[in-house]
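Q: need a structure here:
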Amino acid sequence: MYLNKVFLYGNLTRDPELKALPSGGQVVNFGLATNRTYKDKSGAKQEATEFHNIVSFGRTAEVIAQYMKKGRPMFVEGRIQTRSWDDKESGKKNYRTEIVVDNFQFGADGGPSRGSGATTKNEEQPAPKGDEVIKYPDEEINPEDIPF
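A: Next up, the predicted model:
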């Protein structure tokens with residue numbers, strides 16, 4: 001059995017670029033930067049940064065394009081894929097290695113902005129006082145309404 005699985009946590013290097021496919025589906029492309037720190041032979045602390053090309057399709061692409069912006073952190077789970085194509089002008093064969101998203105999570109600072117009415121970790125709701133009861137909506141939550 002073979003395995004092609006990638007887990008990345010980093011910051012977006014550019015705003016996601018949402019495009020429509022000829023089939024009518026959505027695709028989003030963006031860059032993700034990851035870094036690692038290590039000690040070299042002399043014991044000095046070094047930092048290395050890697051830049052990854054990320055692509056996502058369908059509803060996941062729409063959500064990423066809607067909520068993510070350059071500089072925000074994101075966790076990506078996916079697979080490595082290398083595409084190739086012939087450049088018609090130069091006749092040269094081009095290659096691009098990218099991570100195809102299977103699953104993702106907004107990072108610590110990601111997600112909807114404060115103005116959208118969503119509660120972030122910095123905005124805590126006050127606890128109910130004494131005999132005050134929490135009122136939940138009567139309607140059921142439809143899983144299709146959840147954006148991810």
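Q: Please make it C-alpha for all contacts and neighbour counts, starting now.
A: OK.
Q: My read is that A48 contacts A33, right?
A: No - look at A48 against A33 with Cα atoms under 8 Å: they stay out of range, at 10.3 Å.
Q: who's more crowded, these two?
A: A direct count of neighbours by other Cα atoms under 10 Å for A48 and A33 places A33 higher, at 19 against 9.
Q: Wait, a strand at the more buried one?
A: Yes - checked against DSSP: H, G, I helix; E, B strand; the rest coil, A33 lies within a strand.
Q: How about the contacts made by it?
A: The contact partners of A33, by Cα atoms under 8 Å, 6 or more residues apart in numbering, come to 10-13, 49-52.
Q: Not counting its neighbours along the chain, what's nearest it?
A: Once flanking residues are discounted, A33 sits nearest to F51: 4.5 Å by Cα to Cα, 6 or more residues apart in numbering.
Q: before we move on, the earlier item: of all pairs in the contacts of A33, which one spans the longest distance?
A: Using Cα to Cα, the contacts of A33 span at most 12.8 Å, a distance reached by L12 and T49.
Q: Same drill for those two, tell me which one is more crowded.
A: Set side by side, L12 and T49 give different neighbour counts by other Cα under 10 Å, the larger being at L12 (22 against 10).
Q: what about N4, which helix or strand?
A: Per DSSP states H and E, N4 falls between elements, in no helix or strand.
Q: quick one: the helices in the protein?
A: In the chain, the helices defined using DSSP state H lie at 58-67.
Q: what's next to stretch 1-14, contact-wise?
A: Residues from elsewhere that reach stretch 1-14, judged by Cα under 8 Å, 6+ apart: 30-35, 69-80, 99, 107.
Q: hmm, 7 Å instead?
A: The set of residues external to stretch 1-14 that reach it, using Cα atoms under 7 Å, 6 or more residues apart in numbering, is 30-34, 69-80.
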